[in-house]
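Visitor: okay, structure incoming, though there's no sequence with it:
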């Protein structure tokens, strides 16, 4: 905003609505340990460093892989995974990183979820010593892009019914994988993919079970096609993957994976990350609305002086504070080893729904300026739609919680 000359009908060039305001009305994060705060501030610096380029990438639908993997160089991909080769993040530090990166850019938040929360966690939990020795640190450092391929074109919420199969070639001992996957972040980025497939081998003890296979994306028969036309998370590429007779070595299977429950373990662990991500998006939207209301003059006074605007801001703050409390208590439970999967589901269920409401209200409060990407709100509103769906839709979360509190399953 340089060399701007006010003129009749245009008093200001634009509005400063994307800066951090540090909203924490209940001081939920007022007692953060110094080590956790250092990690949080590192995430803030990362967002500040790459924010402008990511906004441009979202606008054009491009995926700047160098920016995405920069998070690994800054040691931000840990996501609370416990492993001797990885830097230890507390659940609170991991959550704050997720929140801050999503506050800056939802596509980068999804990079963190895919590279760290899904792929790195899968390898750390279930990989062999040899697999971990070769791939764990490169994935954590962002030297290798990694993806997690569970969802299929025909199987999303019912991913337990996946049809991708892995068969044994009796003459070579290799696994041969056939199937299709969809919505796979980093699935066409030239790195590796953790492919979940059903074993079809009568002489194998895991015949019929779902296991995970490490597949290098340059393997013959592996085709990752970037999904175009997205209106959400436009700054990261998701892929439609075709697996046509992909051959991998006999030791490509992750030995710790023995059933679909192992995939569920990874998803449960990342569900809390989605709650934190929603908090980041909602914080950006609330703070944009507050800043705009203080700067925008209508009818001779700032919008913030109107009763209706103050009521809306109070309603948004009410929901935002509840989201913060959910996340902080969830992190405390996890630190004590007491967090149950359905508790993470409840946090995800509440926070993505609340984030949608906050973003919608913020968009309305900014009026026509609310649809401009430079003001952030519209991008966050669109990106929230994706996190509301992935790692288990609203309906799936409700059924998981309902089964827990009633003791009866309503899954078909």
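Guide: Looks like it came in fine. Worth saying up front: this structure is predicted, and the values here are computed from it rather than measured.

Visitor: and residue 240, how far from residue 220?
Guide: 18 Å (C-beta to C-beta, to the nearest Å). (Each C-beta comes from the backbone N, C-alpha and C, glycine too.)

Visitor: would you map out the domains in this structure?
Guide: Under the assignment automatic domain parsing, the domains of the chain span 34-140, 146-258, 261-406.

Visitor: can I get the ones you listed in TSV including mean neighbour count and mean pLDDT?
Guide: Output for these, formatted as TSV (neighbours: other C-beta atoms under 10 Å; pLDDT from 0 to 100):
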stretch	mean neighbour count	mean pLDDT
domain 34-140	21	97
domain 146-258	19	96
domain 261-406	20	96
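
Visitor: mind listing the helices for the stretch 301-412 of the chain?
Guide: Taking DSSP state H, counting those that start in this stretch, the helices of the stretch 301-412 of the chain run over residues 307-335, 341-365, 377-389, 394-406.

Visitor: got it, and the stretch 1-150 of the chain?
Guide: According to DSSP H, counting those that start in this stretch, the helices that the stretch 1-150 of the chain contains are 34-60, 65-73, 91-104, 106-111, 121-126, 129-140.

Visitor: ok, and what's touching the last one?
Guide: If you take C-beta atoms under 8 Å, 6 or more residues apart in numbering as the criterion, helix 129-140 is touched by 72, 75, 77-78, 83, 85-86, 115-116, 119-120, 123-124, 127, 143-144, 146, 192, 214, 251, 254.

Visitor: excluding its backbone neighbours, what's nearest residue 168?
Guide: residue 201 (4.4 Å; C-beta to C-beta, 6 or more residues apart in numbering).

Visitor: pretty sure that neighbour contacts residue 167?
Guide: Yes: taking contacts as C-beta atoms under 8 Å, residue 201 lies within contact range of residue 167: 6.1 Å.

Visitor: what's the closest of the helices of the stretch 301-412 of the chain to residue 43?
Guide: helix 307-335 (14.7 Å; C-beta to C-beta).

Visitor: what angle do the closest one and helix 91-104 make?
Guide: The directions of helix 307-335 and helix 91-104 differ by 140 degrees, with axes from the mean of the first three to the mean of the last three C-alpha atoms, to 10 degrees as the criterion.

Visitor: by contact count, what packs against helix 307-335?
Guide: helix 91-104, helix 260-295, helix 341-365 (3 or more C-beta pairs under 8 Å, 6 or more residues apart in numbering; DSSP states H and E).

Visitor: that older thread, quick one: contacts for the residue nearest to residue 168?
Guide: Per C-beta under 8 Å, 6+ apart, neighbours of residue 201: 166, 167, 168, 207.
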